[in-house]
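[1] Next one to model:
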Amino acid sequence: MNDKIMVSICCATYNHEKYLRKALNSALMQEVNFKYEIIIAEDCSTDNSRAIIKKYERQFPDVIKALYRESNMGALDNIAELFLHARGKYVVLLETDDFWTDKRKLQKQVDFLEDNPDFVAVACKVHVVDKNDKVQKKIIYPECKKRIYSHRDYRLWLLPGQTETILYRNIDEINNFYRDDDLYRAYSYSPGDRIKILAMLDAGKIYCMPEKMGAYRYVADEGTSFSATYKLKFLDYMKSYLSLREYVYKNDMNVETKKSADFLLFEAATAAFVLQKAIGLKEYTNIVRQNKYIFSSIYWFFRHSFKKGTDILIDKITGETHL
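    As a prediction, this is how the structure comes out:
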């Protein structure tokens, strides 16, 4: 086995005492022919999380590196600083209320990226589980059904996979999305995975493995994850995607990335103006005028609206829930 670290498994945790062991065990059970590290940033939890981590750290000193915060940093700062410690060729963020279900997950994904240098990331599918690890068959995660994830999928609000499934190259083209001061704060307004996935798409191709190798814990009434705590405010989305668009144009990213950034801002601004009256006509008009790909944005707006309406209809007929 090569002594060089191949994969950095980054874990940020706060008050996940109930789920922490499950997440760490799923990382430690990985059967691989390379060296990996588990970096876990504990953000001054008020439960027993820190004591649990210290026990694991003593038991696996060559694998686990713990970062104990002296004061609560908040999820955004905790995660951003955590990534600075990643030494691996590849990185994955394993949120500590989620877990992996396949012992060969990392090996399969590393093998793929090693054999396919034109791909920057690889994802897989997930089971959606409740707080008791029971699979929720009626809840559908909005992941891509194709093998190669594209900007078209992105504009339909599909993801290549849930955050903990995505292994990606530890390169500046992706990491800089956490290092830019203006864009950095945008993460507090919207799900950070969508911003980071756009960075991946700009850097290269993303492959979607068809296997279900992870579990995403969906608990709407508890927890600190974005899905558990965030109440939809289109004005917040608009602020986030305004920063994202500025970053994309400032760095002169590729045309498809610019189209996606313009679309996100257009959709959020339209929803903020029409549905929630959060902005006035003047501000909305100004955003529309700056859109360099307005016809593309309008097209994808109606495509996404149609898809969303179809999902709602399917939910009513089948009793399923599209996240």
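
[2] can you pull out the helices in the stretch 101-250 of the chain?
    Taking DSSP state H, counting those that start in this stretch to define them, one finds helices in the stretch 101-250 of the chain at 105-115, 151-155, 172-175, 181-184, 192-203, 226-229, 234-250.

[3] For the last one, buried residues please.
    When neighbours are counted by 16 or more other Cβ atoms under 10 Å, the buried residues of helix 234-250 are found to be 234-248. Using the backbone N, CA and C atoms, a C-beta is placed for each residue, glycine as well.

[4] helices and strands around it, which ones?
    helix 181-184, helix 192-203, helix 255-274 (3 or more Cβ pairs under 8 Å, 6 or more residues apart in numbering; DSSP states H and E).

[5] pull the helix or strand with minimum mean pLDDT from this structure.
    Least confident helix or strand of the chain, by mean pLDDT, DSSP states H and E, is helix 226-229 with a mean of 43.

[6] The helices and strands packed on helix 234-250: which one's closest to Pro117?
    Closest approach to Pro117 among the helices and strands packed on helix 234-250 (Cβ to Cβ): helix 192-203, 12.1 Å.

[7] hey, C-alpha coordinates of that closest one in PDB?
    What follows is helix 192-203, C-alpha atoms only, in PDB (Å, rounded to 0.1, in the frame of the first residue of the first chain):
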ATOM      1  CA  GLY A 192     -23.500  24.700  -0.600                       C
ATOM      2  CA  ASP A 193     -23.600  21.500  -2.600                       C
ATOM      3  CA  ARG A 194     -25.200  23.200  -5.600                       C
ATOM      4  CA  ILE A 195     -22.500  25.900  -5.700                       C
ATOM      5  CA  LYS A 196     -19.700  23.300  -5.500                       C
ATOM      6  CA  ILE A 197     -21.200  21.100  -8.100                       C
ATOM      7  CA  LEU A 198     -21.200  24.000 -10.600                       C
ATOM      8  CA  ALA A 199     -17.500  24.300  -9.900                       C
ATOM      9  CA  MET A 200     -17.100  20.600 -10.700                       C
ATOM     10  CA  LEU A 201     -19.000  20.900 -13.900                       C
ATOM     11  CA  ASP A 202     -16.800  23.800 -15.000                       C
ATOM     12  CA  ALA A 203     -13.700  21.800 -14.300                       C
END
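
[8] okay, now the domains of this structure?
    Domains of the chain are assigned by automatic domain parsing as 5-229, 234-322.

[9] for those, which one ends up most surrounded?
    Ranked by mean neighbour count, these are led by domain 5-229 with a mean of 18 (mean count of other Cβ atoms under 10 Å).

[10] The closest residue in space to Tyr154 that isn't next to it in sequence: what's it in contact with?
    Residue nearest to Tyr154 in three dimensions, not counting chain neighbours: Ser260, with 5.5 Å by Cβ to Cβ, 6 or more residues apart in numbering. Contacts for Ser260 (Cβ atoms under 8 Å, 6 or more residues apart in numbering) come out as His151, Tyr154, Arg155, Leu198, Leu201.

[11] measure Ser260 to Asp133 for me?
    35 Å (Cβ to Cβ, to the nearest Å).

[12] and if you look at Leu20?
    From Leu20 to Asp133 the distance is 14 Å (Cβ to Cβ).

[13] next one: Ser240
    Counting by Cβ to Cβ, the gap from Ser240 to Asp133 is 32 Å.

[14] One more: Ala215?
    Ala215 is 7 Å from Asp133, by Cβ to Cβ.

[15] Tell me if I'm right that Leu94 and Trp100 touch.
    Yes. Between Leu94 and Trp100 there is a contact at 7.4 Å, judged by Cβ atoms under 8 Å.

[16] hey, what's in contact with both of the two?
    Ser26, Ala27, Glu164.

[17] so what's the last one scoring on pLDDT?
    At Glu164 the predicted local distance difference test score is 95.

[18] Next, the contact list for it, please.
    Val92, Leu93, Leu94, Glu95, Asp98, Phe99, Trp100, Val126, Gly214, Tyr216.

[19] List just the nearest of those residues to Asp180.
    Within the contacts of Glu164, proximity to Asp180 (Cβ to Cβ) peaks at Leu93, which comes in at 18.3 Å.

[20] now that closest one, which residues is it bridged with?
    Residues in a beta bridge with Leu93, per DSSP bridges, are Cys10.

[21] Could you measure from it over to Arg217?
    14 Å.

[22] pull the longest strand from this protein.
    strand 205-217 (DSSP state E).

[23] how far off helix 105-115 does it point, in degrees?
    170 degrees (axes from the mean of the first three to the mean of the last three Cα atoms, to 10 degrees).
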